[in-house]
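K.L.:
would you be able to build a 3D model of this:
(2 chains)
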Amino acid sequence: MLMVRHGWKRSLLRPLAALLALGLQTSCTGHLKGESAAGDPTQPPVDVPSGATNQTPVQATCVTPTVGPSPLRRLTSREYDNAILELLGDDTHPAETFPADNRVGFFDNTATVQTVPVLLAERYLDTAAKLASAIKDVRALAGCDASGAIDGACVAAFITRFGRRAYRRPLTIVESGDLQTLWADTTARSNAETGVRGVVAAFLVSPHFLYRPEFGAGPSAIAGAQQAAPFELASRLAGLLWSSIPDDALLDAAASGGLTTREQIATQANRLLADPRARLATGVFYAQWLGSQLLTTTTKDATLYPEFDEALRSAMREESRRFIDYIVWEGDAHASTLLNAPFSFVNARLAKHYGVAGPADDATFMRVALDPTQRAGILTQAGYLTALSSPTESSPFKRGAWVRRRLLCQELPDPPNNVPALPKPEPGISLRERASVHSSVAPCNGCHHLIDGLGFGLEQYDALGRVRTMEQGKPVDSSGEVTNTAGSDGAFNGGAELAARLATSKEAQACVATQWLRYALARPETADDACSVAALQTAFAGSGGDLKRILVELTQLDTFSSYRAPAPEAAP
Amino acid sequence: MIAKPTSIWRPSRRALLGGLAVAGAGVLLPRRPALAQAAANTRFIVVHVPEGMWSGAARPVVGANTLGPIFSPLDPFRSRISVLNGLDLRSRDQGPGGDGHHRGVPHMLTCTEMADESNAGGASIDQKIAAAIGADTTFKSLQFAVRIIYGDTNAALIWAGARQRLPAMENPWEAYARIFGASKMDAAPPPVDLRKSALDHALAEITALRDKLPTADRARLDSYHESLRDIERRLASMPAPGTCIEPVLGPKVADARAEALYPEIGKLQMDLMVAALRCGVTRVASLQWGNSNDQCSYPWLGVNKLGHDLAHSDSSAQKQTVFHWYSEQFAYLLGQLQMAEEGAGSMLDNTVVLWVSEFSDSNGHRANDLLWLLMGNAGGFFKPGQVLPMAGRSVNDLHATIAKGFGSADAKFGNPAYCDGVIPGLIA
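P.N.:
Prediction:
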């Protein structure tokens, strides 16, 4: 019996490493991992007979409105840098020296692993002192009269004003008083200007700045939940849409009853989305969902692929970034276009790689039409195909698993502990033939039917994503088959046909919504999120898969405007 | 590129005279008196090598004059090493977690069920030791890594406690600044140390905030509180400058994570670790080469296959090449410790080094029948120089024994269900 857990069900995505591990294995006959993880144990996994088709639900069903928990969140490195830019105008990205945020599943913002180990605390403290010391004009920052003294009155006003930005809410009287005392004490030991620097440093290591404490405010129609407080909503909006802290206009709206109704929230969301900060912030979601960091760390055998150098790698990375940014913000913003566009963006190097005419230099990227029988959307971009290959050859397993997990939101179980090795390369025997031998025997065949039909269909691209017609001296066989989906099953030949199939797949469309929700909630979904998942998937489908509107739709969900305290963790 | 990766030391007279210098590496001459009470200054190091690519090569045997094909670079240290042959990581497949890669790393040093799929369920052995012997050093412990590609649990080796992961320093230049520059800010020092008042303020705010939060959220805030307390202690007791000769690093490289630099970065991290121990800023350290699901392809060894793919291949010769290379690196570390003069001997005499890897058979993700190494005698507590059949003794038992060597009164380590107590054969 094969079990496929679908995205709307509670699920802890397997870390990406497991995806790569899928390059070699496995048995789909056991239980999916994660059975003992957080979630509702009363929700059974979807049970799909091996080889079944068209039996899997696309959308979650919502019976009684519920929302999942709202765990305490900490600023990610990216959010920290953006917040520092907002508060101090400093664009040096100090958080690049912080230890990397832990990744759970595909995303690096998972709340429940956001501790502050001593290495990070040191960076917080040193960075705060360094930034505070580097303020060029303390008087201007503090808003004190250019000719007068930096006195208690102007510092108190500064603490009120700066504190509201840093804590994303008005300071309490006690909080303001403590900071005024800190200023006075520091001033007594040095001078008034240093006192202000001391206040800034204190703000930057405050738990109210580094974390985003939420408490809710008032009753909600949803059992076990409260309404999120207006300032909490402001933080959520800026966090989701800017990866940053709210601006004054957003805080003003929170203070004046302007974040009470769904319409008001939508109005502010649209305002934030019209700002360039939204483009940068949402790009991070796409990079993490699609695994762009895989390209950053992939390696190639220098003998087999001498042309793979940093210039080509960076061109591939930039192509995907520009492509996604264009589709979402300048193009039609349709998920189907993301998956199926017959054009992309190339510099001179990448144009040569694709065999098309392009710009004269590598600094210039231009939009070019690509052969629609060979290239369609992200799936066929050189960067992903390169990242989803081994150092020596393409990897139908990595590619197939990537489609299954990232684009269809289906989980694949972890490989078993007894994986037979893939046969060694041999002239006259194609990779597909070698892989098929591996996949046809137990226990490998248990899962590989979920992987290989997708991955084999991409065999027309080599380990650098170039189109090839021959491999190991034989014509490439790029026939493939989509299986175990709710309406996209069927045979295809080559990447463009697979892309076309996915572009019209309701399951792939629903998956985009699911991935956005995971990112927005900073945690995997639970059974209590079923209504929010269903609502978002329905709204996204209703908009024809509009990648801009989904950002507003996210803010209209019950879960976005609710606060629910997390249940106590089980004792380890 | 790093011009002279091993040149962070000023060559010492002893290193030059002793003929033990490795490619320009030397040792510091201490300005302060040599440590008189060696046993009281025992250090602990753990080194993790990914994938356990033992691959069926001959294991060390009792009475042989070599440690065998993979560990032969360690033959000069044979009398100091106990070969632990056949340990079982019994907790590995119990409780929540992913596959062998994602379980093995967080389990190896904690030996208990994970709290959830992303977090270990207890403190690692090095942190237990750090809690016992790290109180009067600048850093309770230092974590080094060479090249960690994924930030998930397949790299999560060191844990201060359940759900308290300790990340490692991956960049030698940043590590250097942290270890040896902690007392002097990069920027021009302000009239007062802004850190102190900010730290005090944050501690007070955390205390006020903590009890208002749901209990499930408190542990994360507590981790910040504990970290600040640790820094506070350090700021108050920072050793005066000039007690230690600092190493000199070569020019900073643009990308310390470049695969081609893996050997050089690894050496720099080992050099920094030895320097930190030598200077007394810590007594507990760890070095992680890569994450399980190894993403290094070892081009300088002619392998050109990702370590993980190699582990699942049947290329035994290449697996042994990789593991042999890691043995050479381990020998380099021991050599550096040996060159550091201390008392009548060297720092090697006062250090315990544990070498671990998460699998015995990497292709099968097996965590039983592990082959680990324990170097050092901990002031005469251990009886090194043996090849010890562990006959299914658990890693819990090993850690319980090591903990005892560092003064622990605990009879067991990790989940006691997997622990039968100390291993007498290891003890002198």
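K.L.:
what residue ranges in chain B are flagged as low confidence?
P.N.:
B:1-40, B:182-191, B:237-245 (pLDDT under 70).
K.L.:
show me where it has helices.
P.N.:
Secondary structure of chain B (DSSP state H): helices located at B:13-18, B:100-108, B:125-133, B:172-180, B:194-210, B:215-236, B:262-278, B:307-311, B:316-339, B:395-405.
K.L.:
mean neighbour count, those helices: which tops it?
P.N.:
helix B:100-108 (a mean of 29; mean count of other CB atoms under 10 Å in any protein chain shown). C-beta here means a position set from N, CA and C on the backbone, and glycine is covered the same way.
K.L.:
distance from it to the middle of the chain?
P.N.:
Relative to its chain's centre, helix B:100-108 lies at 16 Å (CA atoms, centre = their mean, to the nearest Å).
K.L.:
again, but for stretch A:471-480
P.N.:
Counting by CA atoms, centre = their mean, stretch A:471-480 comes out at 34 Å from the chain centroid.
K.L.:
who in the stretch 151-300 of chain A is up against chain B?
P.N.:
A:175, A:178-179, A:182, A:185-186, A:189-191, A:194, A:197-198, A:201-202, A:204-208, A:210-211, A:213, A:215, A:297, A:299 (CB under 8 Å from any CB of the partner chain).
K.L.:
may I see the ChimeraX selection of the buried members of these?
P.N.:
Entered in ChimeraX, the line below selects the buried ones among those, by 16 or more other CB atoms under 10 Å in any protein chain shown:
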select /A:175,178,179,182,186,190,194,197,198,201,202,204,205,206,207,208,210,211,213,299
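K.L.:
make JSON lines out of the helices of chain B and add distance to chain A.
P.N.:
As requested, the helices of chain B are exported to JSON lines (distance: least, CB to the nearest CB, whole Å):
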{"stretch": "helix B:13-18", "distance to chain A": "31"}
{"stretch": "helix B:100-108", "distance to chain A": "6"}
{"stretch": "helix B:125-133", "distance to chain A": "11"}
{"stretch": "helix B:172-180", "distance to chain A": "6"}
{"stretch": "helix B:194-210", "distance to chain A": "4"}
{"stretch": "helix B:215-236", "distance to chain A": "4"}
{"stretch": "helix B:262-278", "distance to chain A": "11"}
{"stretch": "helix B:307-311", "distance to chain A": "6"}
{"stretch": "helix B:316-339", "distance to chain A": "11"}
{"stretch": "helix B:395-405", "distance to chain A": "16"}
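K.L.:
quick one: contacts for A:D91?
P.N.:
A:L85 (CB atoms under 8 Å, 6 or more residues apart in numbering or on different chains).
K.L.:
so how far is B:I206 from the most centrally placed residue in chain B?
P.N.:
Nearest residue to the geometric centre of chain B (CA atoms, centre = their mean): B:S286, 1.6 Å. To B:I206, B:S286 is 28 Å away according to CB to CB, to the nearest Å.
K.L.:
same question, B:S118
P.N.:
When distance is defined by CB to CB, B:S118 is 23 Å away from B:I206.
K.L.:
what's the answer for A:E307, then?
P.N.:
Plainly put, A:E307 is 53 Å away from B:I206 if you go by CB to CB.
K.L.:
who's in contact with the closest residue to A:T364 other than its chain neighbours?
P.N.:
Leaving aside its sequence neighbours, A:T364 sits nearest to A:N347 (CB to CB, 6 or more residues apart in numbering or on different chains; 6.0 Å). When contacts are counted by CB under 8 Å, 6+ apart, A:N347 is found next to A:A315, A:E318, A:G358, A:P359, A:D361, A:D362, A:A363, A:T364, A:F365.
K.L.:
list the contacts of the host helix or strand of the second one.
P.N.:
What that stands for is A:E318. Element membership for A:E318 (DSSP states H and E) is helix A:310-329. With CB under 8 Å, 6+ apart as the test, helix A:310-329 has contacts from A:279, A:282-283, A:286-287, A:290, A:292, A:295-296, A:298, A:333-334, A:337-338, A:341, A:344-347, A:349-350, A:353, A:362, A:365, A:367, A:378, A:381-384, A:386, A:464-465, A:547-548.
K.L.:
filter these down to the buried ones.
P.N.:
A:282-283, A:286-287, A:290, A:292, A:295, A:298, A:333-334, A:337-338, A:341, A:344-347, A:349-350, A:353, A:362, A:365, A:378, A:381-384, A:386, A:464-465, A:547-548.
K.L.:
just the residues you listed: which are in strands?
P.N.:
Counting by DSSP state E, the buried ones among the contacts of helix A:310-329 place A:S344, A:F345, A:V346 in strands.
K.L.:
ok, the last one touching A:D362?
P.N.:
Going back to what we said before, that points to A:V346. No - the criterion here is CB atoms under 8 Å, and A:V346 misses it with A:D362 at 9.9 Å.
K.L.:
now the helices for the stretch 301-450 of chain A?
P.N.:
Secondary structure of the stretch 301-450 of chain A (DSSP state H, counting those that start in this stretch): helices located at A:310-329, A:335-340, A:348-354, A:382-387, A:396-402, A:431-440, A:445-455.
K.L.:
now the first one: mean pLDDT?
P.N.:
Translated: helix A:310-329. Averaged across helix A:310-329, pLDDT comes to 97.
K.L.:
buried residues in that helix?
P.N.:
Across helix A:310-329, burial judged by 16+ other CB under 10 Å covers A:312-329.
K.L.:
so where's chain A shaky on pLDDT?
P.N.:
Scanning chain A with the threshold set as pLDDT under 70 gives A:1-60, A:417-419, A:570-572.
K.L.:
so where do the strands sit in it?
P.N.:
Shown for chain A, the strands assigned by DSSP E span residues A:2-3, A:47-48, A:226-227, A:343-346, A:366-369, A:470-471, A:474-475, A:479-482, A:490-493, A:562-563.
K.L.:
so how far is the third one from its chain's centroid?
P.N.:
In this view, strand A:226-227 has its centroid 26 Å away from the chain centroid, taken as CA atoms, centre = their mean.
K.L.:
cool, stretch B:147-159 as well?
P.N.:
For stretch B:147-159, the separation from the chain centroid amounts to 13 Å (computed by CA atoms, centre = their mean).
K.L.:
what's the first-to-last distance across it?
P.N.:
19 Å (CA to CA, to the nearest Å).
K.L.:
A:R139: how many residues sit nearby?
P.N.:
18 (other CB atoms under 10 Å in any protein chain shown).
K.L.:
now do the contacts for it.
P.N.:
Residues near A:R139 by CB under 8 Å, 6+ apart: A:A146, A:I150, A:E193.
K.L.:
go with 7 Å
P.N.:
For A:R139, the contacting residues are A:A146, A:I150, by CB atoms under 7 Å, 6 or more residues apart in numbering or on different chains.
K.L.:
and for the one 5 residues further on?
P.N.:
For A:C144, the contacting residues are A:I150, A:C154, by CB under 7 Å, 6+ apart.
K.L.:
for it, what are phi and psi?
P.N.:
phi -90, psi 150 (degrees, to the nearest 10).
K.L.:
ok, it to chain B distance?
P.N.:
For A:C144, the distance to chain B equals 19 Å [CB to the nearest CB, to the nearest Å].
K.L.:
quick check: closest non-adjacent residue to the spatially most central residue of chain A.
P.N.:
The centroid of chain A falls nearest to A:F285 when counting by CA atoms, centre = their mean (3.3 Å). Among residues not flanking A:F285 along the chain, A:Y519 sits closest, at 5.1 Å (CB to CB, 6+ apart).
K.L.:
surely that neighbour is in contact with A:F107?
P.N.:
Yes - between A:Y519 and A:F107 there is a contact under CB atoms under 7 Å: 5.4 Å.
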